[in-house]
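**Student:** next input, structure requested:
(one chain, ligands or ions: 2)
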Amino acid sequence: MTTLIPPTVAPAPIKISDPKPGILEAASKPRELSTTLPSTAYTDPAFAKFEENEIFKKEWISLAHVSQIPNPGDFVRVDLCGEPLLVVRGKDNEVRVLSRVCRHRGMDLMPSGFDHPDCGHQRVILCPYHLWSYDLTGKLVGAPEMQKAACWDRSEVALHTFRSEIWEGFIFVTLSPDTPPLSEKYARLKDEFVGKWDISNADLVWSQHWDCEFNWKILLENFMEAYHHMGAHMKTLEPFLPARGCWTEPYDPNFSAMHLPLKDSLKEQILAHGDAINPFPNFPTLKLEDKLEWWVFLGFPNFLLFTAPDRVYWYRLLPTGPETCSLLTTMIVPKGTKDLPDYEAIKAKEVAGGIAFHMEDMEVCTATQRGMRSLGYAQGRLSHLEEPMWHFQKYLATRIEQAGQG
Ligand code: FES
Ligand SMILES: [Fe+2]
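**Tutor:** Ligands and ions are numbered 1, 2, ... in the order given. Here you go, the predicted model:
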């Protein structure tokens, strides 16, 4: 007699739907009718793959600031969507972005999770597997016990060099050979806005890495709107950068820029007594009127700056999965700041302040990602104080259309 085994009941699959039509629709609305995006823009693995291929592997992505690698041999180690990279200054003082993939058997020379530092100094780049070594330009300089390998010209072996550009002191990479130069793309962003700070002449004095449990766009959208000052930052930013006075420059296809004016009493203080109210020295290239407000900038796709007259916060934000990202929060100050007699004490206080408002953002971002997984989510309406989010939607829509997926 045959025993009938009932078929196993498979669990219901997680509902996945393509957010692209919803993104195109949101981006096409007038600002006054703007909405948030479909939740699957923040959860769908296929859409995350689309972003990886059409955005992060094609666009210019900021990796480091020049002040992190002032001397030959200084390096920053970073992964861009699974691509292992090494930003390194050569003996010729050139900054290069090299692949960390060894030309012998393909090992990542400094794999994550095995105690390799995120930045440091080295005279040669050594593969720990079989001790092949490369100079600071990526050229192979040593390969033990390879004398019997025939028809092999070791002088032609080198780590792959990716295209890089330095813009306002930030080192950018693109994995694509066809992407137009960054200097063209960000020309207006530099000439009319960011160039005022002369950030290439500054020092990155603090950085902290965060593994985040949310999609990269959740943080980006949070970074780019000041509406939440009145809620999430009620006690930290709202008292001097009130949400209500913020306003956004008209849409530009390459960036979004938002003004965050200081509260009136601070502006009056600056106008009456000069601008020495900030803890660090102000960037010397700024005019008095530039010191009456802070700014947030987003160079598409993910270059994030929060600027004050005396410091700039640069956030390096990289996706690591559909619902996770890697974030490096940094603070950059004008050159010479480190010479202040009480510099260490001032820095400690300012870093603590930066972490305090960042923790407020971490809570709302983590909690917003939970909302993206919920059956209770529906697309919401945006305030005029969230206009940069609508600009970013237009950027995403452009990428979708350019990929022929609109
Ligand atoms: S894989 Fe690098 S030396 Fe063998
Ligand atoms: Fe915030």
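
**Student:** CA only for contacts and neighbour counts going forward, please
**Tutor:** Noted.

**Student:** single out the residue in the stretch 251-400 of the chain that lies closest to ligand 1.
**Tutor:** Closest residue of the stretch 251-400 of the chain to ligand 1, Cα to the nearest ligand atom: residue 320 (24.7 Å).

**Student:** report the contact partners of the closest residue to residue 91 other than its chain neighbours.
**Tutor:** The shortest distance from residue 91 to any non-neighbouring residue, by Cα to Cα, 6 or more residues apart in numbering, is to residue 72 (5.0 Å). Counting by Cα atoms under 8 Å, 6 or more residues apart in numbering, residue 72 makes contact with 88, 89, 90, 91, 92, 93.

**Student:** do you know how far residue 72 is from ligand 1?
**Tutor:** Distance, residue 72 to ligand 1, by Cα to the nearest ligand atom, to the nearest Å: 23 Å.

**Student:** look at that residue and report its pLDDT.
**Tutor:** Looking at residue 72, its pLDDT reads 98.

**Student:** if we can go back for a sec, ok, and what's touching the helix or strand the residue of the stretch 251-400 of the chain closest to ligand 1 falls within?
**Tutor:** Using DSSP states H and E, residue 320 sits within strand 312-321. Strand 312-321 is contacted by residues 45, 48, 62-63, 80-82, 215-216, 302-307, 325-333 when judged by Cα under 8 Å, 6+ apart.

**Student:** now with 6 Å?
**Tutor:** When contacts are defined by Cα atoms under 6 Å, 6 or more residues apart in numbering, strand 312-321 is touched by residues 216, 304, 305, 306, 325, 326, 327, 328, 329, 330, 331, 332.

**Student:** drop anything exposed from these.
**Tutor:** Burial by neighbour count, judged by 16 or more other Cα atoms under 10 Å, picks out 216, 304, 305, 306, 325, 326, 327, 328, 329, 330, 331, 332 from the contacts of strand 312-321.

**Student:** surely the first one is in contact with residue 323?
**Tutor:** Spelled out, it's residue 216. No: in this structure, residue 216 is not within contact of residue 323 by Cα atoms under 6 Å, at 7.7 Å.

**Student:** can you pull the residues of the stretch 151-300 of the chain lying near ligand 1?
**Tutor:** Residues of the stretch 151-300 of the chain found near ligand 1 (Cα under 6 Å from any ligand atom): none.

**Student:** can you map out the strands along the stretch 151-300 of the chain?
**Tutor:** 161-167, 170-174, 202-212, 247-248, 255-261, 293-299 (DSSP state E, counting those that start in this stretch).

**Student:** got CSV for those strands, with mean neighbour count and mean pLDDT too?
**Tutor:** CSV is the format used below for these (neighbours: other Cα atoms under 10 Å; pLDDT from 0 to 100):
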stretch, mean neighbour count, mean pLDDT
strand 161-167, 19, 98
strand 170-174, 22, 98
strand 202-212, 16, 98
strand 247-248, 20, 98
strand 255-261, 23, 98
strand 293-299, 22, 98
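
**Student:** so which of the ones you listed is nearest residue 99?
**Tutor:** Closest of the strands of the stretch 151-300 of the chain to residue 99 is strand 161-167, at 6.2 Å (criterion: Cα to Cα).

**Student:** distance check, the residue nearest to residue 91 against residue 51.
**Tutor:** 34 Å (Cα to Cα, to the nearest Å).

**Student:** what pLDDT does the model give the nearest residue to residue 200 once chain neighbours are set aside?
**Tutor:** Computed as Cα to Cα, 6+ apart, the closest residue to residue 200 that is not its neighbour in sequence is residue 169, at 3.7 Å. Residue 169 carries a pLDDT value of 98.

**Student:** swap in residue 406?
**Tutor:** 73.

**Student:** on that earlier part again, now for the residue of the stretch 251-400 of the chain closest to ligand 1, how many residues are close by?
**Tutor:** Counted with other Cα atoms under 10 Å, residues neighbouring residue 320 total 22.

**Student:** what's the answer for residue 191, then?
**Tutor:** Counted with other Cα under 10 Å, residues neighbouring residue 191 total 10.

**Student:** in the least confident helix or strand in the chain by mean pLDDT, what counts as buried?
**Tutor:** Least confident helix or strand of the chain, by mean pLDDT, DSSP states H and E, is helix 264-273 with a mean of 91. Across helix 264-273, burial judged by 16+ other Cα under 10 Å covers 266, 267, 270.

**Student:** swap in stretch 49-58?
**Tutor:** Going by neighbour count (16+ other Cα under 10 Å), the buried part of stretch 49-58 is 50, 51, 52, 55, 56, 57, 58.

**Student:** format those as JSON lines; extra columns: secondary structure, pLDDT and distance to residue 392.
**Tutor:** Formatted as JSON lines, those follow (DSSP: H, G, I helix; E, B strand; the rest coil; pLDDT from 0 to 100; distance: Cα to Cα, whole Å):
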{"residue": "50", "secondary structure": "helix", "pLDDT": "98", "distance to residue 392": "16"}
{"residue": "51", "secondary structure": "helix", "pLDDT": "98", "distance to residue 392": "13"}
{"residue": "52", "secondary structure": "helix", "pLDDT": "98", "distance to residue 392": "16"}
{"residue": "55", "secondary structure": "helix", "pLDDT": "98", "distance to residue 392": "13"}
{"residue": "56", "secondary structure": "helix", "pLDDT": "98", "distance to residue 392": "15"}
{"residue": "57", "secondary structure": "coil", "pLDDT": "98", "distance to residue 392": "18"}
{"residue": "58", "secondary structure": "coil", "pLDDT": "98", "distance to residue 392": "17"}
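
**Student:** will you turn those residues into CSV that also has distance to residue 374?
**Tutor:** Shown next, in CSV, are these (distance: Cα to Cα, whole Å):
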residue, distance to residue 374
50, 23
51, 22
52, 24
55, 27
56, 27
57, 30
58, 32
